[in-house]
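Novice: give me a 3D structure for the following:
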Amino acid sequence: MAAWCPFVGPSARCGSSHDKATTQPIETTIGTSLNEKLAINMQKATKSQLKEVRELLRSKSARDEKRVFAAEGQKLVWDILSAGHAAESVLVSSKVLGAPLVKRIAEKAEGAGIPVFRVPAEEYENLSSLRSSQGVMGIVKMPASLVSADNILKDGPVVVLDGIQDPGNMGAMIRCAVAFGADGVILLGEAVDIYNPKVVRASSGTVLNARISAGGTDLIAKLKEKGAKLYASSCRGEGALPVETLGRSGEKALLAFGSEGAGLSKKLTDMADAKFHIPIDEKVESLNVTAAVAVTLYEFARKRGRPR
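Specialist: This next block holds a predicted model:
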């Protein structure tokens, strides 16, 4: 089946005064001539096309159906394109056409055969999911599929996220998993969509690099049958091991973390081989779950001599 792209149409020369930049670009102004040149080389996105992008920003079902998602922000889009990830198109607000990074994004996209479309500044602001937009959005292809449970375990820890619904936390924890060399991430329960725009931003695009699987506690049971040890995070619970005692060489560890509101489910906790905690000052009740993931994965990485 052909790949879906919301921006397909005949080439056009777009450079009317209505569409040229009317404000200072967010980085620096290079000059009107460059703005005009970039605008002329871009087709203008139609209202129907922008409507489809708006659906991608708002609806998981739309993202799943089209197998694409929206990534917003200049550096984020640049990083995604520079890493060679497949994108369908790039949208650029007319107000940032003169920004140096925007010029590089347009050149990178066009060099890869990815169409770049201009959106009038006011229309882009209405489209953006950000309070203060950076004027650039990429429509990015999803990876072919999630990683199967049979292939998620290798020689590093796997992060198990139970019922994480906060998109900022989800994205940041995926970023930690990639940064500290975890084998992957397993999503359990009612979790936020990993291609939600806020998750994508919080992950800094690493959602495209992470090895992610999803399922229920039966998946965890199968991994335990293969020799994996399940460690449940705890807030100073009795009998919980200090995190520095974990991470023995060669051990296949599943590190489970729950949402800040609900914590881990009882069923998952009961399956754990042991509980662990991160020693902190008694004046503080607990760490943010993202901080807990980062500290735990750093401890595992340190003991295994990576990353370097």
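Novice: going forward, measure contacts between C-alpha atoms and count neighbours the same way
Specialist: Noted.
Novice: quickly list what L230 is bridged to.
Specialist: Legend: beta-bridge partners of L230 under DSSP bridges are L254.
Novice: that one: how many residues sit nearby?
Specialist: Residues within reach of L230, counting by other C-alpha atoms under 10 Å, total 24.
Novice: and for E225?
Specialist: Using other C-alpha under 10 Å, E225 has 10 neighbouring residues.
Novice: what does G84 give?
Specialist: If you count neighbours by other C-alpha under 10 Å, G84 ends up with 10.
Novice: distance check, R201 against L246.
Specialist: R201 sits 31 Å away from L246, going by C-alpha to C-alpha, to the nearest Å.
Novice: more neighbours: those two, which one.
Specialist: Under the criterion of other C-alpha under 10 Å, the comparison of R201 against L246 puts R201 first, with 22 against 16.
Novice: secondary structure class for that one?
Specialist: Classification of R201 by DSSP: H, G, I helix; E, B strand; the rest coil places it in helix.
Novice: identify the residues contacting it.
Specialist: Applying C-alpha atoms under 8 Å, 6 or more residues apart in numbering to R201 gives the contacts A71, E72, G73, L76, G171.
Novice: show only the entries of those found in strands.
Specialist: When these are checked against strands (DSSP state E), the matches are A71, E72.
Novice: can you name the two of the contacts of R201 that sit furthest apart?
Specialist: Spatially, the most separated pair among those is G73 and G171, at 15.0 Å (C-alpha to C-alpha).
Novice: the two - which one has more neighbours?
Specialist: Legend: neighbour count by other C-alpha under 10 Å for G73 and G171, higher for G171 (27 against 18).
Novice: do you know how far the more buried one is from Y195?
Specialist: Computed as C-alpha to C-alpha, the G171 to Y195 distance reads 9 Å.
Novice: do S234 as well
Specialist: From S234 to Y195 the distance is 28 Å (C-alpha to C-alpha).
Novice: quick one: the strands in the stretch 51-200 of the chain?
Specialist: Remark: strands assigned in the stretch 51-200 of the chain by DSSP state E, counting those that start in this stretch are 68-72, 87-93, 116-119, 136-141, 158-162, 184-188.
Novice: mind putting these into CSV with mean neighbour count?
Specialist: Listed next are the strands of the stretch 51-200 of the chain as CSV, based on neighbours: other C-alpha atoms under 10 Å:
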stretch, mean neighbour count
strand 68-72, 26
strand 87-93, 24
strand 116-119, 26
strand 136-141, 25
strand 158-162, 25
strand 184-188, 23
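Novice: those strands: which one's closest to L57?
Specialist: Checking the strands of the stretch 51-200 of the chain against L57 by C-alpha to C-alpha gives strand 68-72 as the closest, at 6.2 Å.
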